[in-house]
Structure formats: C-alpha cells, structure tokens
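Q: how would this look folded up:
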Amino acid sequence: MANKKSLKIKESGKANNKPAVPEILSTNDKIPSPFTMDGTAHSEFAFVRNVKYSSEIIQKADKTFSIQRLLEEKKKGNEQLLAEGERQIFVLWHSIEALTTHNTLFVVLFLIYIGEILNEIKSTLKPHEFAKWRRKVFHYKHERYLQQAQQ
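A: Numbering: from 1, shown residues only. As a prediction, the model looks like this:
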C-alpha cells in the first residue's frame, strides 16, 4: 500500500499539500468491464515485401551525411550552418525510424514462417516426439521465440 503522505493531488499545476485519498468505487456503480469490446474497427494490413527498402534507406542516409557540406554552409554564416545541420539530422533520424520499422516487419514475417514450419512438423509427429525433437534441436534460449512463432 502506498504511503498516503507521498501522494499529492495537483490542481492547475500546483500541489496543494493535501494527501491524495483513493476513491473506493462500490460494486453498484456502472463501470464497464475492462474486457468489454468498444466496437473500434480492426484494420487489415497488407504485406508489401520491398526487400530493397532497407538499402534505399541506408543509401539516402549516406548521401545526406556530409561534413563537407556542413563546413561549406558554415562559411555562409551560422543560420545556414544550423539549417544544414538540422536537415541532415532529421533525415538521419527519419532513416533510423524507417529502418527500425522495416526491420520489425521482417522479424514478424520470419517468425510467422518459423511458426508455420513448426506447426507443420508438430501435426506430423506425435506430441512427445515433437517435444523431444524440439528440445534436441533448439537451445532453451530459443524456446520463447518458438512459442511466439507458433502463436
């Protein structure tokens, strides 16, 4: 249980030194269950397997980064230097984000593939044979990945 003195209520950005008192709701109150569906639409996603996208991101980042260009802008004044620095940083930052997203897409895709392979093998073997094969072939550190893949 939290120490009541450590909890402060904030009103319009200022602490008022009154201890926070948690509100206990009765079971008669109309509170929806946390497991209730809210009717939010579920979008469908399509896989676009542009395997060249990672190299395109890296090439764009390589073309953007230029200390020489930064030094040339420095000669023109601080505003030009700052503008060029900002441009390069934002392109590189966006490249990081795009590459991370692209990598995650392929990690998920490969896990799906692994899961399909495991499920096919599992459907062919008896349960104890499948478990024995999996323990023999894979290290325990792979176990969670294999479980995720099958799910």
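
Q: ok, the nearest residue to residue 150 once chain neighbours are set aside to residue 52 distance?
A: Nearest non-adjacent residue to residue 150, counting by C-beta to C-beta, 6 or more residues apart in numbering: residue 115, 4.7 Å away. Any C-beta I mention is one placed from the backbone N, CA and C, and that applies to glycine too. Going from residue 115 to residue 52 by C-beta to C-beta, to the nearest Å gives 26 Å.

Q: These two: who's more crowded?
A: residue 115 (17 against 9; other C-beta atoms under 10 Å).

Q: How about the secondary structure of the more buried one?
A: Using DSSP: H, G, I helix; E, B strand; the rest coil, the structure places residue 115 in helix.

Q: what residues are up against it?
A: Contact partners of residue 115, counting by C-beta atoms under 8 Å, 6 or more residues apart in numbering, are 148, 149, 150, 151.

Q: any chance of the residues you listed in a markdown table, plus neighbour count?
A: What follows is those, written out as a markdown table (neighbours: other C-beta atoms under 10 Å):
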| residue | neighbour count |
| --- | --- |
| 148 | 13 |
| 149 | 19 |
| 150 | 14 |
| 151 | 7 |
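
Q: Any chance you could list what contacts stretch 97-106?
A: Looking at what lies outside stretch 97-106 - C-beta under 8 Å, 6+ apart - the contacts are 47, 53, 54, 57, 58.

Q: Among those, list the two that are farthest apart in space.
A: Across the contacts of stretch 97-106, the longest distance by C-beta to C-beta is 21.3 Å; it joins 47 and 58.

Q: can you give me the helices in this protein?
A: 53-64, 67-76, 78-124, 127-137, 143-150 (DSSP state H).

Q: ok, how many other residues are close to residue 125?
A: Counted with other C-beta under 10 Å, residue 125 comes out at 13.

Q: To clarify, my last question referred to residue 146.
A: When neighbours are counted by other C-beta under 10 Å, residue 146 comes out with 16.

Q: quick one, what contacts it?
A: Contacts of residue 146 (C-beta under 8 Å, 6+ apart): 114, 118, 134, 138.

Q: Report the separation between it and residue 106.
A: 18 Å.

Q: now do residue 94
A: Taken as C-beta to C-beta, the span from residue 94 to residue 106 is 19 Å.

Q: and what of residue 74?
A: 40 Å.

Q: With neighbour count added, can I get the contacts of stretch 97-106 in TSV?
A: TSV is the format used below for those (neighbours: other C-beta under 10 Å):
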residue	neighbour count
47	10
53	16
54	14
57	19
58	12
